[in-house]
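> coordinates only, no sequence provided:
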DNA sequence: TATGAATGAGCATTCATTCAT
DNA sequence: TATGAATGAATGCTCATTCAT
């Protein structure tokens, strides 16, 4: 009954396929690789969840996700023993994406602008993912271990960018990373609830960016 | 906190008969003053609701509020015929407070700074009131008539301040009022979820303020 | 606390005023006569209850009656310790009226037609009194002592009429009184739910009357 | 009693696949047959509901039905998404039975008696089914769409019988169908609340029948 | 005594989770 | 293993009745 749950919280990583490589995950004992159809279901569920959570946030009844995935609830629960675990799985993936983006910019040729460009991309990621938005906005309140850890990690990596920018003199030293991220999230929210298109989002983020630059006074 | 009470059903008037304040309320006929204990309960309920909604937002079960108020559910429902009505009562009061603050700054002697000072006060109001935060963040999505109207009104009044500032040359003309408010709300959120004290909130708001000023480039 | 409840279930007899004469009621110990205003309230309540029960039946919330009576619920409950008791009071009065009608016809000069005329009048009484209808229709199910007794009494008195008619040869001997009454009630119901006026009621009752006459075959 | 089940959500088909009976249902696409236990529960629920509604009418709390069925409330709600829908399911079935009976008599060899015989059968159907009684008695008041339609249909079909009888000269032309039905329902009620056996019911209905025949005077 | 505020059991319904097929 | 049926705690709300003013 419990032997196959392994994959439960794994990110549906871009290149699908090898669910078996998951053994790499720290401290997980060797387990039978998932059956092909199980893998397929796993992904169908994640896909449906991504879409639905993105639109409706946590509050959506879990049946809807199963239905959308074309899968029985029982199946869903076999893969994710808890609504929360599914939710986590989704958000973890999303944050992972963001982490990668951060890493990419960490090697940018223009360290003075890397943070800014990252923030703009971060914004577009968050903008239309209700779940991601909610999670980040909750982060630090009810410590959902895994997410909390990830968010911490996110902050750490973005902090690298921030440091680079500070060193390059493009960002004031007294602004923390979480502050910046939260401000950008405010922008995301503003944008997603206005009638404008994405342009407005960038405009907002640019305000934040302007705000964190030195010598601000006109 | 309990001073205003834009009573949904009854005005919880302290010393009754006060004709001046009566006239202020549009077209309300003289009603018997509430019984002493009723007033007490009304206030206990509002107080409990203020606290609990502030912490947990709309989703909190209404029994908890009754319990916290030390009152039966029936009593709660006598005073507020609907969960929504109670929620509204709370938030309406909160927004009313903010409206007054906006008005006060509209007459400020330094129109160039009025908006900024308002935003700072606005931030402290929103900072730890989950309900207010939620309402403002929902505004425009599910139109809960009364609140929607109020938020519109808020935007209108803050827009006065913005115009003054733009005229005074302290704020860029391409930033909308809702954008500013949403950015500040992002700040509030950031602050309320960090472990710092209120200082951090001000710092954040100041970033936003910096961002909306002209000649931003360092 | 309990001394004044005497009048509780009394019929609001036609000529108002002397509530004190109630002492006549069997087995009730001497009690202080009701205060004038109490009597007034008692009647206001009965009046309101008559109207509302007639329209809405038992299911109506008791607050509505108090409101209609222009009386607090507390007052209502002082006079009638139970919703049921109030209901009973009303219906008892109504049945009393019917009893009187029955008595009147018992002395009719045309014993062969007395029953028929009574049934017609009975029908008009029941027709638009939801409560009376309900009570009679319930009679015999949940034995609400007092009403049950009264209904029995009603049957007894109508049976006198039936006997007269049987003796006069205008009614078949094999039809019981309750049967007739119930059939008439069916008529009442039919009539009250059609769009016709009272004419239809009489037509229906006439069908019943036709049905209980001898030599029916065409 | 359980043979028909005009399934509100699913057809509780016994042997699945039966195309002929399928086609009978208008425009219903092939659906997976219900699981064995689901069917069992569906029937347990209907059975319990039939019994309880028959005794207590609509007002009975739905938990009681679940309990009687030996089923959780959740289960009940899975099968019938609303109290009303369950109620409807029951009554619809009942009326359907009556409709069939009416149809059967429409082809009777003795058109002069068909109506009478139908009324007698109708009476026995209604006699001890509180729910059916209530529904018919409510018909036309609060229009519960589906039931209202059905009752209309019932009236229509019975009207066929009435017409036949009128043509055959066994029934007066001035009696409407609803009048007859209501009178019979009065009979049902009378009978079901007396201590007699079913004989009394027939006797009552016969009175009505007598009443609607021509040349009534003795 | 009259008032109406307070009370809480009761009801219909939803939804995360478990379990039989 | 996949399915979806079963479960029941939880929630918003009503209304008969009691109790403080």
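Alright, I've got the coordinates. This one's a predicted model, so the numbers in the text were calculated from it and none came from an experiment.
> identify the residues contacting stretch A:92-101?
A:9, A:11-13, A:46, A:50, A:118, A:121-122, A:125, A:129, A:131-132, A:135, A:146-147, A:150-151, A:153-154, A:157 (CB atoms under 8 Å, 6 or more residues apart in numbering or on different chains). All C-beta spots, glycine's among them, are computed from the backbone N, C-alpha and C.
> hang on, I meant stretch A:159-168
Here stretch A:159-168 has contacts from A:102, A:105-106, A:111-116, A:118, A:171-173, A:175, A:177, A:180, using CB under 8 Å, 6+ apart.
> one step back: just the buried residues from the contacts of stretch A:92-101, in ChimeraX please.
Buried residues among the contacts of stretch A:92-101 (16 or more other CB atoms under 10 Å in any protein chain shown), as a ChimeraX selection:
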select /A:9,12,46,50,118,121,122,125,129,131,132,135,146,147,150,151,154,157
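> in helices, which of the contacts of stretch A:92-101 fall?
A:46, A:50, A:118, A:121-122, A:125, A:131-132, A:135, A:146-147, A:150-151, A:153-154, A:157 (DSSP state H).
> neighbour-wise, which of the contacts of stretch A:159-168 leads?
Counting by other CB atoms under 10 Å in any protein chain shown, residue A:115 has the largest number of neighbours within the contacts of stretch A:159-168, with 30 neighbours.
> residues near the residue in chain A positioned nearest to chain D, how many?
Going by CB to the nearest CB, chain D is nearest to residue A:63 of chain A, at 11.1 Å. For residue A:63, the count of nearby residues is 11 (other CB under 10 Å).
> contacts only, for it.
The contact partners of residue A:63, taken as CB under 8 Å, 6+ apart, are residue A:73.
> check whether the helix or strand that it is a member of contacts DNA strand E.
Element membership of residue A:63, judged by DSSP states H and E, is helix A:62-69. Yes. Interface with DNA strand E: helix A:62-69 contributes A:62, A:63 (CB under 7 Å from any atom of the strand).
> which parts of chain A sit against DNA strand E?
Residues of chain A lying close to DNA strand E by CB under 7 Å from any atom of the strand are A:59, A:61, A:62, A:63, A:73, A:74, A:77, A:81, A:82, A:83, A:84.
> buried members of those into PyMOL, please.
Buried subset of those, written as a PyMOL selection, criterion 16+ other CB under 10 Å:
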select buried, chain A and resi 62+83
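> and the two most separated of the residues of chain A next to DNA strand E?
Spatial extent of the residues of chain A next to DNA strand E (CB to CB) is set by the pair A:59 and A:74 at 22.2 Å.
> what helices or strands is whichever helix or strand comes after the helix holding residue A:63 leaning on?
Downstream of helix A:62-69, the next assigned helix or strand under DSSP H and E is helix A:73-79. Applying 3 or more CB pairs under 8 Å, 6 or more residues apart in numbering or on different chains; DSSP states H and E, we find helix A:73-79 packed against helix A:36-56, helix A:62-69.
> show me which residues of the last one are buried.
Taking 16+ other CB under 10 Å as the neighbour-count basis, helix A:62-69 is seen to contain the buried residues A:62, A:65, A:66, A:68, A:69.
> can you name the residues that contact the closest residue to residue A:204 other than its chain neighbours?
What sits nearest to residue A:204 in space, not counting adjacent residues and going by CB to CB, 6 or more residues apart in numbering or on different chains, is residue A:187, at 3.6 Å. By CB under 8 Å, 6+ apart, the contact list for residue A:187 reads A:123, A:201, A:204, A:205, A:207, A:208, B:182, B:183, B:186.
> ok, now how distant is residue A:187 from residue A:61?
30 Å (CB to CB, to the nearest Å).
> quick check, central residue of chain A?
For chain A, the residue sitting closest to the mean C-alpha position, by CA atoms, centre = their mean, is residue A:95 at 2.4 Å.
> what helix or strand is that one located in?
With DSSP H and E as criterion, residue A:95 is part of helix A:83-106.
> buried residues, that helix. List them.
Buried positions in helix A:83-106, judged by neighbour count with 16+ other CB under 10 Å: A:83, A:85-96, A:98-99, A:101-102, A:105-106.
> test my guess that residue A:53 contacts residue A:89.
No. The criterion here is CB atoms under 8 Å, and residue A:53 misses it with residue A:89 at 10.0 Å.
> contacts only, for the residue nearest to residue A:50 when sequence neighbours are not counted.
Among residues not flanking residue A:50 along the chain, residue A:90 sits closest, at 5.6 Å (CB to CB, 6+ apart). With contact taken as CB under 8 Å, 6+ apart, residue A:90 is in contact with A:46, A:49, A:50, A:53, A:131.
> looking at the residues of chain A next to DNA strand E, which is nearest residue B:41?
Distances from residue B:41 to these, taken by CB to CB, are shortest for residue A:59, at 31.7 Å.
> distance of the closest one relative to residue B:85?
Relative to residue B:85, and taking CB to CB, residue A:59 is found at 22 Å.
> equivalent analysis for residue A:174, please.
Taken as CB to CB, the span from residue A:174 to residue B:85 is 44 Å.
> what does stretch A:171-185 contact?
Here stretch A:171-185 has contacts from A:115, A:119, A:122-123, A:126, A:133, A:136-137, A:154-155, A:158-159, A:162, A:165-166, A:205, A:208, A:211-214, B:183, B:186-187, B:189-190, B:193-194, B:200, B:203-204, B:207-208, using CB under 8 Å, 6+ apart.
> now go through these and say which are in helices.
Among the contacts of stretch A:171-185, DSSP H puts A:115, A:119, A:122-123, A:126, A:133, A:136-137, A:154-155, A:158-159, A:162, A:165-166, A:205, A:208, A:211-212, B:183, B:186-187, B:189-190, B:200, B:203-204, B:207-208 in helices.
> coming back round to it: nearest to DNA strand E, of the buried residues of helix A:62-69?
Among the buried residues of helix A:62-69, residue A:62 lies closest to DNA strand E (CB to the nearest atom of the strand), at 3.8 Å.
> contacts only, for the closest one.
Going by CB under 8 Å, 6+ apart, residue A:62 touches A:73, A:76, A:83, A:86.
> wait, which of the residues you listed is closest to residue B:36?
Distance to residue B:36 across the contacts of residue A:62 (CB to CB) is lowest for residue A:83, with 47.3 Å.
> once you drop chain neighbours, what's closest to residue A:119?
residue A:184 (5.4 Å).
> distance-wise, check that neighbour relative to residue B:210.
Residue A:184 is 15 Å from residue B:210, by CB to CB.
> and the gap between the residue nearest to residue A:50 and chain B?
Residue A:90 sits 21 Å away from chain B, going by CB to the nearest CB, to the nearest Å.
> listing request: residues of chain A with sub-threshold pLDDT.
Low-confidence segments of chain A, defined by pLDDT under 70: A:1-32, A:139-145, A:194-199, A:215-218.
> which positions in it make contact with DNA strand F?
Listed as neighbours of DNA strand F in chain A under the rule CB under 7 Å from any atom of the strand: A:3-4, A:35, A:37-38, A:41, A:71-75, A:77-78.
> can I have the buried ones of these as a ChimeraX selection?
The following ChimeraX line selects those of these that are buried, judged by 16+ other CB under 10 Å:
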select /A:38,41,71,75,78
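> out of the residues of chain A next to DNA strand F, who's nearest chain C?
residue A:73 (39.8 Å).
> which residues does the closest one contact?
By CB under 8 Å, 6+ apart, the contact set of residue A:73 is A:62, A:63, A:66.
> before we move on, back to that, how big is the angle separating the helix holding residue A:95 from helix A:62-69?
Using axes from the mean of the first three to the mean of the last three CA atoms, to 10 degrees, one finds that helix A:83-106 and helix A:62-69 are set 60 degrees apart in direction.
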